[in-house]
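1. Following is a predicted model, sequence given first.
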Amino acid sequence: MTHTTETAPNDVIVGIDLAQSRDWTAIVVAEVLTGADADANRYAIRAIRREQPRRYQDTVAMVAESLPALREGVHVLQSNQHTYDYVRPNVTVVLDRTGVGRAVGDMFSEARLDCRLELVTITSGHQVNRDDDGGWLVPKKDLTAAVAVALQNGRIEWPARHPLDPILRAELKNFRHRYSATGRELSGAGDDWREGNHDDLVLAVALSLWWGERPKPPGLDPTFDYAAAFAGIL
């Protein structure tokens, strides 16, 4: 069913932490709620999934099947108050291919999904760069910052009474962004974030928010108590 409205639909970002063998694949759908200030997006987490697909092709198919609902358009009333334009949301899929390799990312590219596809490789560096195949090399600190700063500013709306809510909140409880005495940035679910077994949902959220905050990366406040911010939603 197509709806009629006076405003265009919001952009949607799908963050995917793609599982390695026997791990969980996490998929988070975030709607971008753009405010009057273009630098102050809010994000509504609209869907959370956690699956253990047998094959990477199954994940491609699962994402493809979900896109028609995400891209359902609306009739937007034009300024003349007499005509309507059919407008569909912009959907971007941000896929972490760090642990699974380029070939798996290529499966998503070759599927020609009805969305924008951005392939991410997480690094320990200090600057975002483009990969030689058009993907992104993203420092781990940038992903942690995207979540931490949005939490700091109260710009994330979490789903209520979701079956995976306890798992997400447990991951957030272990998720930290802090500074050592020397100023070196440390991130972790446990000792080293992204190398543990319990970070897939948080990473999917981080991928969505990182893309939503581009091209201006969020600024980190070293005096802000990020641990308390995470604890506040537990």
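-> Happy to help now that I have it. Predicted, not measured: the structure shown is a model, and the values here were computed from it. Numbers count the residues shown, from 1 in each chain.

2. Show me the contact partners of whichever strand or helix holds Gly15.
-> Taking DSSP states H and E as the criterion, Gly15 maps to strand 12-17. By CB atoms under 8 Å, 6 or more residues apart in numbering, the residues outside strand 12-17 that reach it are 25-32, 46, 59, 63, 66, 70, 89-96, 115, 199-201, 203-209, 211-212. Using the backbone N, CA and C atoms, a C-beta is placed for each residue, glycine as well.

3. pLDDT of that strand, averaged?
-> Averaged across strand 12-17, the pLDDT comes to 94.

4. In its sheet, which strands sit next to it, and in what direction?
-> Paired strands of strand 12-17, with direction, are strand 25-33 (antiparallel), strand 91-96 (parallel) (DSSP bridges).

5. mind giving me JSON lines with these and columns for mean neighbour count, mean pLDDT and distance to Lys141?
-> Below are the strands paired with strand 12-17 laid out as JSON lines (neighbours: other CB atoms under 10 Å; pLDDT from 0 to 100; distance: least, CB to CB, whole Å):
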{"stretch": "strand 25-33", "mean neighbour count": "23", "mean pLDDT": "92", "distance to Lys141": "20"}
{"stretch": "strand 91-96", "mean neighbour count": "23", "mean pLDDT": "93", "distance to Lys141": "15"}
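
6. can you tell which of these is closest to Glu157?
-> Closest of these to Glu157 is strand 25-33, at 7.7 Å (criterion: CB to CB).

7. okay, the closest one in PDB with CA atoms only?
-> Coordinates of each C-alpha in strand 25-33 appear next as PDB, following Å, rounded to 0.1, in the frame of the first residue of the first chain:
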ATOM      1  CA  THR A  25      25.600 -12.400  11.100                       C
ATOM      2  CA  ALA A  26      24.000  -9.300  12.500                       C
ATOM      3  CA  ILE A  27      21.800  -7.000  10.500                       C
ATOM      4  CA  VAL A  28      20.600  -3.600  11.800                       C
ATOM      5  CA  VAL A  29      18.200  -1.200   9.900                       C
ATOM      6  CA  ALA A  30      18.600   2.400  10.900                       C
ATOM      7  CA  GLU A  31      16.300   5.200   9.700                       C
ATOM      8  CA  VAL A  32      17.900   8.600   9.400                       C
ATOM      9  CA  LEU A  33      15.800  11.200  11.100                       C
END
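
8. Where does pLDDT dip in this structure?
-> Scanning the chain for pLDDT under 70 picks out the ranges 1-6, 21-22, 35-39, 79-84, 173-198, 216-234.

9. mind listing the strands in it by residue range?
-> Ranges of strands in the chain, per DSSP state E, are 3-5, 12-17, 25-33, 42-51, 74-77, 84-87, 91-96, 116-123, 129-130, 136-139, 156-157, 175-179, 185-189.
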